[in-house]
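**Student:** okay, sequence plus prediction incoming.
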Amino acid sequence: MQEFISIFVKSIFIENMIFAYFLGMCSFLAISKSVKTSMGLGVAVIFVLVITTPVNFLLNKYLLSEGSLAWLGPAFATIDLSFLSFIMFIAVIASIVQLVEMIVEKSSPVLYAQLGIFLPLIAVNCAILGASLFMQEREYETMGQVAAFSLGSGIGWLLAIVMMAAIREKLRYSNVPAPLRGLGISFILTGLMAIAFMSFMGIKI
């Protein structure tokens, strides 16, 4: 249990997808103008991560990695399909995103309209693919580790975009110099928040 908590907390604060790796910056900067919209996209990202990363873990463990087909028989023990990882991971992500898009469109048409093109673009959100690639690179061995990592990564991404949206809403009433309005001040804020999140690196878990 302690190991799962460690992975979960690290993926939220220390290895935050936005502030540590700057993954998913396109939708992060484009959608973080409203807290409500950011919350909707963040929940969608969590949902996609929690489903796609474990599914890709199973694909990698029982189909793609070297020797993973040994369960089919000794003749398949030496087969290595890891070169198919990218295309398989992306196919799984695209399928789940399509499902999320249909659910959001049916359950909340207003949120669907606000998210616009960025909802289907979750399929190419590098934070989603990055989670699967990190899972593969770090060689997580159990589904519990992968679930803790994917949930923590999603919550970390949600936390980042909602915090940014809240600050940007307040900035509308601030006297920001004209050259920095819009993306300029957003990039500065992202950098400052990333520096703030670096303080969590001193925590021993």
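**Tutor:** Received it, and whenever you're ready, just let me know what you need. The shown structure was predicted, so the numbers you read here are calculated from the model rather than taken from an experiment.
**Student:** mind checking pLDDT for Ile205?
**Tutor:** At Ile205, the model reports a pLDDT of 64.
**Student:** same deal with Pro74?
**Tutor:** Note on Pro74: pLDDT of 83.
**Student:** cool, Leu58 as well?
**Tutor:** The predicted local confidence for Leu58 is 94.
**Student:** try Ala127
**Tutor:** Reported pLDDT for Ala127: 91.
**Student:** wouldn't it be in contact with Glu15 here?
**Tutor:** No: with contact defined as CB atoms under 8 Å, Ala127 does not reach Glu15; the gap is 11.7 Å. Placement of C-beta: from N, CA and C, glycine included.
**Student:** mutual contacts of the two, please.
**Tutor:** Residues touching both Ala127 and Glu15 by CB atoms under 8 Å, 6 or more residues apart in numbering: Ser153.
**Student:** longest single helix anywhere in the chain?
**Tutor:** helix 143-171 (DSSP state H).
**Student:** for the next helix or strand after that helix, buried residues please.
**Tutor:** Counting by DSSP states H and E, the next helix or strand C-terminal to helix 143-171 is helix 183-198. Neighbour counts over helix 183-198 (16 or more other CB atoms under 10 Å) mark 185-186, 189-190, 193-194, 197 as buried.
**Student:** one more: stretch 103-119?
**Tutor:** Residues 104, 111-112, 114-115, 118-119 are the ones in stretch 103-119 that count as buried (16+ other CB under 10 Å).
**Student:** same check on stretch 86-105?
**Tutor:** Neighbour-count burial for stretch 86-105 [16+ other CB under 10 Å]: 88-90, 92-94, 96-97, 100-101, 104.
**Student:** can you give me the offset of it from its chain's centre?
**Tutor:** 13 Å (CA atoms, centre = their mean, to the nearest Å).
**Student:** do a quick rundown of the helices in the chain.
**Tutor:** 2-9, 25-31, 35-59, 85-107, 109-115, 126-138, 143-171, 183-198.
**Student:** make CSV out of these and add distance to Phe19.
**Tutor:** Formatted as CSV, the helices of the chain follow (distance: least, CB to CB, whole Å):
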stretch, distance to Phe19
helix 2-9, 15
helix 25-31, 10
helix 35-59, 14
helix 85-107, 22
helix 109-115, 22
helix 126-138, 12
helix 143-171, 6
helix 183-198, 4
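**Student:** the closest residue to Met88 other than its chain neighbours: how many residues sit nearby?
**Tutor:** Closest residue to Met88 apart from its sequence neighbours, by CB to CB, 6 or more residues apart in numbering: Leu59 at 5.6 Å. Neighbours of Leu59 under the rule other CB atoms under 10 Å: 21.
**Student:** doesn't Val92 make contact with Leu59?
**Tutor:** Yes: the criterion here is CB under 8 Å, and Leu59 meets it with Val92 at 7.0 Å.
**Student:** where does this structure dip in pLDDT?
**Tutor:** Segments of the chain classed as low confidence (criterion: pLDDT under 70) are 205.
**Student:** quick one: contacts for the closest residue to Val35 other than its chain neighbours?
**Tutor:** Once flanking residues are discounted, Val35 sits nearest to Ala165: 4.6 Å by CB to CB, 6+ apart. Taking CB under 8 Å, 6+ apart, we find Ala165 in contact with 31-35, 37-38.
**Student:** many thanks, we can stop here.
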